[in-house]
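Visitor: next one to model:
(one chain, ligands or ions: 1)
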Amino acid sequence: MNRNSDRSDVPVVLLVSGMDPTGGAGMSADIRTCTAFGVYPMSCVTALTVQNYRGVSAVRPVSSQLLAEQLEAIYESAMPAAVKIGMIPNAAQVRTLARVLKKHGQHNVVLDPVLTATAGGPLTRQNAAYAMLSHLLPLTDIITPNAKEYDYLAGLTSKVQMSPLEMSLAALLRKGGDVPGDQCSDSLRMPDGTSYTYSTARVPGNNLHGTGCVLSSAIAANLALGFDIPAAVRRAKNFLTSALRTSSRCHITPDYGPALTLIN
Ligand code: PLP
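Guide: Here you go, the predicted structure:
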């Protein structure tokens, strides 16, 4: 019997993000999301955080050396079909990550430019944001800032002497979840100038912890499954909206609970 004929290839998604002990955001949310889409997550942890629904009280980055070793262990095992980059706490890690992604010719790179936690507290040093624009954006296929992150990064572009985000070769998804209104509208601008709008009715409630993590890892999962960027964003947005509807009926933490990605 040819065992190989029974094999089916499961796409691998490389997750590069931080640990949130309450599981709402970061690596736990990323892994749950990949599992829901039937892709296989491999996880490279950038930092341990101490946080809960009240905010972040500590961030302990791993060394750049350990980051590189985790990444190389993954690349030695499999070539990821897509990457989701979340919390990168400092510039040294950004440079290391960019070097390793470049070395392996990684495609389908999704960059969620995480800066602070919604519940309060920085997750990334300011110099990491500069480094992200200089070193990671050129390797990125799609960047997914919320309104605050977009304004902050757009303000930095002149200082790093690069063209504004719109001029980069990455697709830009500007998320509208934190803009007040009955609708949550995200706008996607592709590098060729084509644009798309994704609008859903706002889901009531405050169980929103990790929404950006879920969305970006769902985009990476769908790119890994072979969807193009506009379709991957649409599928990710639909997934997030149903996750938020589930969350709005659940009570896990006293306030600001997780965006659940349960399959039921
Ligand atoms: N903690 C970690 C490790 C994260 O990666 C993120 C976001 O990416 C957050 C916290 C913030 O999550 P939120 O602002 O959705 O609560």
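Visitor: when you work out contacts or count neighbours from here on, use the C-alpha atoms and nothing else.
Guide: OK.
Visitor: my guess is residue 13 contacts residue 35, does it?
Guide: No - counting by CA atoms under 8 Å, residue 13 sits too far from residue 35 to count as a contact (10.2 Å).
Visitor: the two: which is more packed in?
Guide: Neighbour totals were compared for residue 13 and residue 35, and residue 13 leads with 30 against 17 (other CA atoms under 10 Å).
Visitor: what is in contact with residue 13 and residue 35 at once?
Guide: Each of residue 41 lies in contact with both residue 13 and residue 35 under the rule CA atoms under 8 Å, 6 or more residues apart in numbering.
Visitor: wait, residue 243 touches residue 258, no?
Guide: No - Residue 243 is not in contact with residue 258 according to CA under 8 Å; the separation is 9.5 Å.
Visitor: which one of these two is surrounded by more residues?
Guide: Neighbours of residue 243 and residue 258, each counted by other CA under 10 Å, are more numerous for residue 258; the result is 26 against 22.
Visitor: that one pairs with what?
Guide: In this structure, residue 258 bridges to residue 209 when assessed by DSSP bridges.
Visitor: check which residues of stretch 193-209 are buried.
Guide: Residues of stretch 193-209 classed as buried: 198-199, 202-203, 207-209 (neighbour count, 16 or more other CA atoms under 10 Å).
Visitor: tell me the one of those nearest residue 127?
Guide: Proximity of the buried residues of stretch 193-209 to residue 127 was ranked by CA to CA; the top entry is residue 209 with 25.0 Å.
Visitor: pLDDT value on the closest one, please?
Guide: Residue 209 is assigned 86 on the pLDDT scale.
Visitor: just residue 203 next, same as before
Guide: The predicted local confidence for residue 203 is 86.
Visitor: that one: what's it in contact with?
Guide: Residues near residue 203 by CA under 8 Å, 6+ apart: 241, 244-245, 248.
Visitor: right, is the longest helix that the chain contains up against the ligand?
Guide: In the chain, taking DSSP state H as the definition, the longest helix is helix 229-248. No - between helix 229-248 and the ligand, judged by CA under 6 Å from any ligand atom, nothing touches; the nearest distance is 12.1 Å.
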